[in-house]
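Student: Any chance you could fold what I've pasted below:
(chains A and B)
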Amino acid sequence: MAEDSQRNFRSVYYEKVGFRGVEEKKSLEILLKDDPLDIEKLCTFSQRFPLPSMYRGFVWKVLLGILPPHHESHTQVMMYRKEQYTDVLHALKVIRFVSDSTPQVDIYLRMYQLESGKLPRSPSFPLEPEDEVFLAIAKAMEEMVEDNVDCYWLVRCFVNQLNNKFRDSLPQLPKVFEQYLNLEDSRLLNHMKMCSAVTKLPYDLWFQKCFAGCLPESSLQRVWDKVISGSCKILVFVAVEILLTFKIKVMALNNSEKITKFLENIPQDSSDAIVSKAIDLWHKHCGTPVHSM
Amino acid sequence: MAQQANISELLSMLDSSALGVLDDITTVFKENLNSDRGPMLVNTLVDYYLETNSQQVLRILTTLQEPHDKTDTDVVILTTGVLVLITMLPMIPQSGKQYLHDFFDVFGRLSSWCLKNPGHVTEIYLVHLHASVYALFHRLYGMYPCNFVSFLRSHYSMKENLETFEEVVKPMMEHVRIHPELVTGSKDHELDPRRWKRLETHDVVIECAKISLDPTEASYEDGYSVSQQISTRFHHRPTDAIASPYVDTQNSYGNATSTPYSTPRLALLNTPGQLPQVLSFSSTRLSTEPTQATIWSPSAVCGMTTPPTSPGNVPPELSHPYSKVFGTPAGGKGTPLGTPATSPPPPCHSDDYVHISPPQAIVMPPKKEDRLDSVRPCLHRQHHLPNDRGLEETSDNKSSVTLSDLPEFLGDLASEEDSVEKDKEEAAISKELSEITTADTEPVVPRGGFDSPFYRDSLPCSQRKSHSTSSNTQGPSVSTELLTSSLDKLGPDTPKQAFTPIDRPCGCDNESPAGNRESQTSLETNILTPSPCKIPSQKVGFGSGQPPPYDHLFEMALPKTAYHFVSKKTEELLKKVKGNTEEDYMPSTSPVEVLDRLIQQGADAHTKELNKLSLPSKSVDWTHFGGSPPSDEIHTLRNQLLLLHNQLLYERFKRQQHALRNRRLLRKVIKATALEEHNAAMKDQLKLQEKDIQMWKVSMQKEQARYNQLQEERDTVVTQLHSQIKQLQHDREEFYNQSQELQTKLEDCRNMIAELRLELKKANNKVCHRELLLSQVSQKLSNSESVQQQMEFLNRQLLVLGEVNELYLEQLQNKHADTTQEVEMMKTSYRKELEKNRSHLLQQNQRLDTSQKRIVELESHLAKKDHLLLEQKKYLEDVKLQARGQLQAVESRYEAQKRITQAFELEILDLYGRLEKDGLLKKLEEKTEAAEAAEERFDCCNEGCPDSLVGHNEEAAGHNGETKTPKSGSSRGSSGSRGGGGSSSSSSELSTPEKPPNQRVGPFSSRWETTVEPSTSIPVTVGSLPSSKSFLAIKARELFRNKSESQCDEDGLTNNSLSETLKTELYKDPNLEVKAPLGLDNPHPSPKNQESVGQLRIMDYNETQHEPS
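Tutor: Below is the predicted model of the structure:
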């Protein structure tokens, strides 16, 4: 009752005018006030609404399991995380894998490698493809999060989620992508098929790196909101939307390499719109997740 | 004649059986035929063939190549040819059509011939020719009307033929009616073979006759009713015989004459051998004819009335058709007499013999016999002619007479050239005689009749004859005049002119020989007188054993039809005869008539000539007969004879056709009669059947009556049964009603039973209730009884007590003074005792209230506790979750640590490996020192704590060992983590299992204390203070104690405090539980740290205070 009264009476009009997130912020605050945080509700919320940036880091941490649902143990757990970070960093420094001059992203990678037991014998060893993915994600995440510890943990858990939770569904995404593209614009798909560009699209960039390095971080984090909250399908729709947005250019290109090259370096200015549209498209096709407050 | 004889010899040889002779003869004939172009031999051959039917001759004839005829102007041949053509045409209607135009040409030429006479033949011949042309005209017009008319149209449209048409053809056309074929048929249709297929020769002839208006040619058959005018036009002659008496006389005459000649006829039939003798006179060409003529002479005579059978028939068969045919007309004669029963057959018979007789009379006797004898039969005949004709076929009268007489005449001619003329003359005389006689007998037919124009035709013969007899020179001229007149003016305007000179009946009578007439009259009288004796004569005829063997059969066969037919015919004829008087005379004469007249005239001339032959010196203008000199006269006459013969043959042919037709008609009649008989028989049968039917009807009526009776019975039975049924139905209904009633009753009863049962149940219930009540009452009763008993007992006691009381009262009264004080004391004591008990009761009540209060209090307390317990559980879960989260973080940290350690170990091993490589050449001591130094360095950089050198050494050794057995160590580590040991001590313990735990704890705990201590003191307390008691045990014990305390006298305050303590203890639990697993190894954990607990309690209490609210 108290919460209801606090609600803005203008909230009804906000959405009509086009302001988003005004009402969502309130409801998210209410959600975050629960002592044992309801992870599922948070997931649903995150999938349905864009997260306010001030709560984004916290919600991500909660959703990725970096923070436990109990507020009480947050400080303690964070302390553990920090200690772990420092420990690992220390160990790496001891074994001289990293130095002070080492870029933060590389440090994250080495830490991750160490923690997952995949640390190579020598830092000079060539990087694996998955390391590239990690680096890209870490680079994007570094832009979003200021704190190193948080950043490391977020990257780590994000990559873990990709590797564990979406391990099975990620390889399917290209097919799904084709399917939805056919539904949205079969001509475009046919054109790409004609150019035999379908198989050569930057699927790694899209689905492995989750558009890290493809989209600017401001829009990328909105995509990642959905990914972190448990839906990797949004990636498909982002990809579809990219193609739809740049349809004319893609249609003008006949070479698969050119298409791939263009798609790897799409213009950054319209990314926000692309993501918004992609989310709408995603909602359209997969339905709006049930938001149970 | 010699050649002819030779030929006849050869011909006889031709039929010889010898083949050689045959061949020779054949070759001879053939050579002869090739060499000689004359018709002589051919004619002979044809004659011979006709005579003998010789196949050889036929063969020779068929092999004839060139036509052996030659065109000449011989009228005889022409006439013969035309007649033959006319005869043949009906026989070959189909095959002759290709020569149709030839026929037409023949007609055209001959008709012009008749007019122009290029051959300059005698007029006499022309008459014959004209007659034959006339016949040809009829035939062609009858058979091929369209073609013929078209031919006429084309032929006579030419100017040069116009005259011929006007003169010859036009008059002929007046004697024909318009042919129906001209309307319906066409040129092609006429030639259609189908048209001819269904017609036989005689049919064709009759067809031709039908369209003829010429009474001598026309046929009245089949509805071709010749107009009354025409038919009656020629009834002039029968006028004599109009009246029945006249007929009677004729009949009687015939009857009278019949008897004498019956036998001769038979003789003739039986003696054919005489024929050759008779025929010897005749020429070979006509040799065939006489045989027929002799055989058929009677039939020829009779032919006037009815045609005889065909000449092909053999003699024995003659009698049959003959009599048969004659039956009908003979029967007809009798009818007018009113004596039909007797008269019909005999007259016929007599007639036959009458007709047969003349030739005999002529032939058999010598030629120069007295004429009167021979005349007689002719007279008869002549008499007959008008009679029969007048009665039956008046139109055919004249022609038939002449033609039928032809053979006779020919025969006569063979013997005497002028027999015909004589005959004719005689005939004329006899006719006149008969007329006279009839006139005598019948004044009704007076001579004045001659004035009437009807007599113009008939009488001229006699007149002419008489004329010729009186003046031989005039006769022929008259005939020629006649001919010319008839030819020139056949129109109705000029008949009188032609006949005026002849038209003198009176003169005729006078000129006729009186002797003859007298004899005739005598004869007539002879004949007439016995007219009443007609029947006797018949009887004679019957008695002579000569009755016609078929007549009675005939009558039986044709009982009614014949009679009807004949009677009808006679009536008609009579009517016609009557009507004759009013008729106009005929406008023109037909060529045939002219010919007839010519013949008659010729006969007169012949008689005359015969007389004058002996006197050839007499100057007779022979040129009148054709301009030929008297030397040629015989030739002329012979030719004329031939012509007549031809004519006769032609007429006979016609007659034969008629005979055929008549036979057919007769057959039809017979059939009709047979059918009538059949009908009669059927009628009889019908009658019989009707009788039967009537019988059946009677029986049926009987049966019906019986049936009705039976039905009535049945009806009665049925009605009875119906009534029974009704009754039964009624009964049934009654029963049904009864049963219904009973059923309703049954229902009522059932209802009643149910009600009664219900009542019974109620009653039972009541009874039970009553019983119950009764038992209660009895109980009460027993109670009351016991009470009574008690009462009684008490009463008794009362009584006893009363008595005792009385006794005591007595005693009291006795001892009153002593007891009062004592009683008062007792009273007071009792009062005191009562007071005391009352206060005690109060006290007890109070106590009860308090205890009840306490119970309520405790119950609420318990509920609170339960609620609290639940909350505590929830909280416990929550805390568990929280702890798990923390634990996960810690675990991850631990994992990280492990990885770090592993990395370190790897690094160390790497370094070791490098060292070993470097120090391979160095000594063992150096190696150990280096190793120690390396260890030291490692420790320093790791922790910077020199105190734990030994431990580290050991640990390094342990690490070595662990590297040797990495699996076991890792597995243990995992097991340790599974066991839930999250503390550093346990982990260190597990990582180094070989070492005793006490030793292991020291350095590591100390090492970790540096990092962990600032945050919380829990690990320290946990590690140092083992819990003495489990939380549950404590709680249980406390609860138990509280309860026991509450049992003992404790107030609400204590209760509250107890609950509070319980709460606090519960809120402490999470912490305790965290410690509990740590102290699992130790069964007696150390008591909790009071400070921390208090801290916790205060905090949690505050929270719990909030939560319930």
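
Student: how about the residue in chain A that chain B sits nearest to, what does it touch?
Tutor: Residue nearest to chain B within chain A: A:Pro68 (2.5 Å; CB to the nearest CB). C-betas here are computed from N, CA, C, even on glycine. A:Pro68 makes contact with A:74, A:77, B:881-882, B:884-886, B:888-889, according to CB atoms under 8 Å, 6 or more residues apart in numbering or on different chains.

Student: what about 10 Å?
Tutor: By CB atoms under 10 Å, 6 or more residues apart in numbering or on different chains, A:Pro68 lies in contact with A:36-37, A:39, A:61-62, A:74, A:76-78, B:881-889.

Student: Filter the residues you listed down to the ones in helices?
Tutor: Applying DSSP state H to the contacts of A:Pro68, the entries found in helices are A:39, A:61-62, A:74, A:76-78, B:881-889.

Student: one step back: before we move on, which element is the residue of chain A closest to chain B in?
Tutor: Counting by DSSP states H and E, no helix or strand carries A:Pro68.

Student: pLDDT score assigned to B:Thr257?
Tutor: Confidence at B:Thr257, expressed as pLDDT, is 37.

Student: Of the contacts of A:Pro68, grab the buried ones for ChimeraX.
Tutor: Buried residues among the contacts of A:Pro68 (16 or more other CB atoms under 10 Å in any protein chain shown), as a ChimeraX selection:
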select /A:37,61,62,74,76,77,78 /B:882,883,885,886,887,889
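
Student: Quick check: phi and psi at B:Ser212.
Tutor: Phi and psi for B:Ser212, reported as degrees, to the nearest 10, are phi -80, psi 140.

Student: quick one: it and B:Ile178 touch, right?
Tutor: No. Between B:Ser212 and B:Ile178 there is no contact under CB atoms under 10 Å: 12.0 Å.

Student: Of these two, give the one with the bigger neighbour count.
Tutor: A side-by-side neighbour count of B:Ser212 and B:Ile178, using other CB atoms under 10 Å in any protein chain shown, places B:Ser212 first with 25 against 11.

Student: who's that one bridged to?
Tutor: Here B:Ser212 sits in beta bridges with B:Val176, going by DSSP bridges.

Student: Distance of it relative to B:Met91?
Tutor: Distance of B:Ser212 to B:Met91, given as CB to CB, to the nearest Å: 19 Å.

Student: Okay, and the closest residue to chain A within the stretch 101-250 of chain B sits in which element?
Tutor: Using CB to the nearest CB, the single residue of the stretch 101-250 of chain B nearest to chain A is B:Asp188, 91.0 Å away. Applying DSSP H and E as the criterion places B:Asp188 in helix B:187-190.

Student: what do you get for B:Ser150?
Tutor: Assigned by DSSP H and E, B:Ser150 falls in helix B:145-156.

Student: Which strands or helices does that helix pack on?
Tutor: If you count contacts as 3 or more CB pairs under 10 Å, 6 or more residues apart in numbering or on different chains; DSSP states H and E, helix B:145-156 packs onto helix B:100-116, helix B:123-143, helix B:159-164, helix B:170-173, helix B:180-184, helix B:187-190.

Student: Stretch B:145-152 - what's its average pLDDT?
Tutor: The model assigns stretch B:145-152 a mean pLDDT of 87.

Student: what do you get for stretch B:209-229?
Tutor: The pLDDT scores in stretch B:209-229 average 59.

Student: quick one: the helices in the stretch 101-250 of chain A?
Tutor: In the stretch 101-250 of chain A, the helices defined using DSSP state H, counting those that start in this stretch lie at A:104-116, A:129-144, A:148-164, A:173-184, A:186-194, A:203, A:217-228, A:233-245, A:247-252.

Student: Nearest to B:Gly602, out of those helices?
Tutor: Ranking these by their distance to B:Gly602 (criterion: CB to CB) puts helix A:186-194 first, at 136.1 Å.

Student: Excluding chain neighbours, what is closest to residue 83?
Tutor: Using chain A. Excluding the flanking residues, the one nearest A:Glu83 by CB to CB, 6 or more residues apart in numbering or on different chains is B:Arg893, at 6.3 Å.

Student: Actually, chain B is the one I wanted.
Tutor: Leaving out its chain neighbours, the residue that sits closest to B:Leu83 by CB to CB, 6+ apart is B:Tyr650, at 4.4 Å.

Student: and that neighbour, what is it in contact with?
Tutor: Counted by CB under 10 Å, 6+ apart, B:Tyr650 has contacts B:79-80, B:82-84, B:86-87, B:131-132, B:135, B:403, B:406.

Student: picking that back up, relative orientation of the helix or strand hosting the residue nearest to A:Glu83 and helix B:123-143 in degrees?
Tutor: Per DSSP H and E: B:Arg893 is located in helix B:630-918. Relative orientation of helix B:630-918 versus helix B:123-143 (axes from the mean of the first three to the mean of the last three CA atoms, to 10 degrees): 20 degrees.

Student: So which bits of stretch B:749-763 are buried?
Tutor: In stretch B:749-763, counting by 16+ other CB under 10 Å, buried: nothing.

Student: which other residues reach that stretch?
Tutor: Against stretch B:749-763 from outside (CB under 10 Å, 6+ apart): B:742, B:745, B:764, B:766-767, B:770.

Student: pLDDT and neighbour count for those residues - can I get that in TSV?
Tutor: Compiled in TSV, the contacts of stretch B:749-763 are given as follows (pLDDT from 0 to 100; neighbours: other CB atoms under 10 Å in any protein chain shown):
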residue	pLDDT	neighbour count
B:Leu742	91	12
B:Lys745	91	11
B:Asn764	88	12
B:Lys766	87	12
B:Val767	87	12
B:Arg770	85	12
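
Student: Show me the subset of these that also lies near chain A.
Tutor: Applying CB under 10 Å from any CB of the partner chain to the contacts of stretch B:749-763, one finds that nothing falls near chain A.

Student: just the residues you listed now: which is nearest A:Asp225?
Tutor: Closest approach to A:Asp225 among these (CB to CB): B:Asn764, at 84.9 Å.

Student: thinking again about what came up before, can you say which of the contacts of B:Tyr650 are buried?
Tutor: Buried, going by 16+ other CB under 10 Å: B:79-80, B:82-83, B:86-87, B:131-132, B:135, B:403, B:406, out of the contacts of B:Tyr650.

Student: For those, which two are the farthest from each other?
Tutor: So, the buried ones among the contacts of B:Tyr650 by CB to CB: farthest apart are B:Val82 and B:Leu406, at 16.6 Å.

Student: follow-up on the earlier one: pick the most deeply packed of the helices of the stretch 101-250 of chain A.
Tutor: helix A:233-245 (a mean of 25; mean count of other CB atoms under 10 Å in any protein chain shown).
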